[in-house]
Every structure is written in structure tokens, then in C-alpha cells.
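Participant: build me a structure from this.
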Amino acid sequence: REVVLGLGSGERKSARDRDGESHGEEGEDDGGDASDAPMVYAASWWSEETFRAYMTDSRTPMWTNLREKNVELYREVRAVYRGESAALEEIFDAPGPFWGRHYIFWHDGVPMTVVYEVFSPRLERAIGPAEGKKKA
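Facilitator: Residues are numbered from 1 along each chain as shown. Predicted structure coming up:
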């Protein structure tokens with residue numbers, strides 16, 4: 001499952017199941033400005049059995065499905081990344097570097113899914129700089 005999410009009124013969503021079938025609004029260029037660019041890219045990997053059990057509405061984001069079922073989760077962050085990517089520059093309509101992470105969601109002591117997320121540098125406008133001020 002792959003998802004691209006934006007913020008604000010120009011939110012762009014795209015979700016693709018493992019079979020490549022699209023759900024929701026496509027993340028196509030609608031002629032908007034850079035403020036319409038997505039803020040997060042995410043992909044998750046599931047076993048077919050777990051996916052069918054928890055992702056009952058494939059048109060909605062993972063969090064919506066899990067929240068509706070009141071699924072209790074433990075997030076084990078496995079790695080944090082910082083890097084450059086021409087493909088991500090195109091997705092986010094912004095130059096890198098990009099911060100990302102991958103983690104495992106555990107439920108009842110069993111791994112449920114692996115999630116990989118990359119964040120747009122534009123998030124710094126909303127939450128502050130990714131790096132502290134450099135000392136002179």
C-alpha cells in the first residue's frame with residue numbers, strides 16, 4: 001500500500017493496494033501551486049491475511065481503519081534516514097535533503113506491518129527547522 005498526503009485545502013491523496021488498484025483521489029497535477037504538493041510519502045507492507053483483517057476500507061488511510069477498530073499498537077522505530085532523491089524531489093516538488101524512517105507496528109506481540117515514511121522539507125514551515133541554528 002502506497003500513500004501520498006498533503007496538508008490544507010489543497011490536500012492530494014493517492015492510495016494503491018498491492019495489486020496497483022487506485023483508491024481515493026489520485027495525486028495528479030491539478031494545476032495548483034507548490035502549496036498543493038504532498039507533505040508525506042508512505043508505503044506499508046502487510047501479509048495478505050493481516051491486510052484483509054485490518055484494512056477493511058482500502059479507500060481510507062491506514063490510520064482511519066486502525067482507529068475505527070480501536071487497534072492498540074506498539075511502534076518500533078527501526079531506522080531514521082536523511083538523503084537525496086530525484087524521485088522524491090519530483091513527488092514533493094521541493095529539493096532535498098529528505099528525512100525518512102521505517103518502523104514496525106506490533107499488535108498483541110505480533111508484527112502487523114512495516115511502514116516506511118519520507119517527509120517533505122516543506123514541513124519545516126509548519127513545525128520548524130529540521131536542523132538547529134549553526135553556531136558562529
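
Participant: list the buried residues for stretch 97-113?
Facilitator: Buried positions in stretch 97-113, judged by neighbour count with 16 or more other C-beta atoms under 10 Å: 98, 99, 100, 102, 103, 104, 105, 112, 113. For every residue, glycine as well, the C-beta is placed using N, CA and C.

Participant: and what of stretch 47-62?
Facilitator: Within stretch 47-62, the residues that count as buried by 16+ other C-beta under 10 Å are 51, 54, 55, 58, 60, 61, 62.

Participant: and the next helix or strand past the helix or strand containing residue 82?
Facilitator: Element membership for residue 82, per DSSP states H and E: strand 74-83. Per DSSP H and E, strand 74-83 leads on to helix 86-92 as the next helix or strand towards the C-terminus.

Participant: show me what that following helix is packed up against.
Facilitator: strand 40-46 (3 or more C-beta pairs under 8 Å, 6 or more residues apart in numbering; DSSP states H and E).

Participant: got the CA positions of the strand it packs on in CSV?
Facilitator: What follows is strand 40-46, C-alpha atoms only, in CSV (Å, rounded to 0.1, in the frame of the first residue of the first chain):
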residue,chain,number,x,y,z
VAL,A,40,4.4,12.8,3.3
TYR,A,41,5.1,9.7,1.2
ALA,A,42,4.4,6.4,2.9
ALA,A,43,4.4,2.8,2.0
SER,A,44,3.5,-0.2,4.1
TRP,A,45,4.0,-3.9,3.7
TRP,A,46,1.4,-6.4,5.1
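
Participant: chain center to it, what's the gap?
Facilitator: Computed by C-alpha atoms, centre = their mean, to the nearest Å, the separation of strand 40-46 from the middle of its chain amounts to 6 Å.
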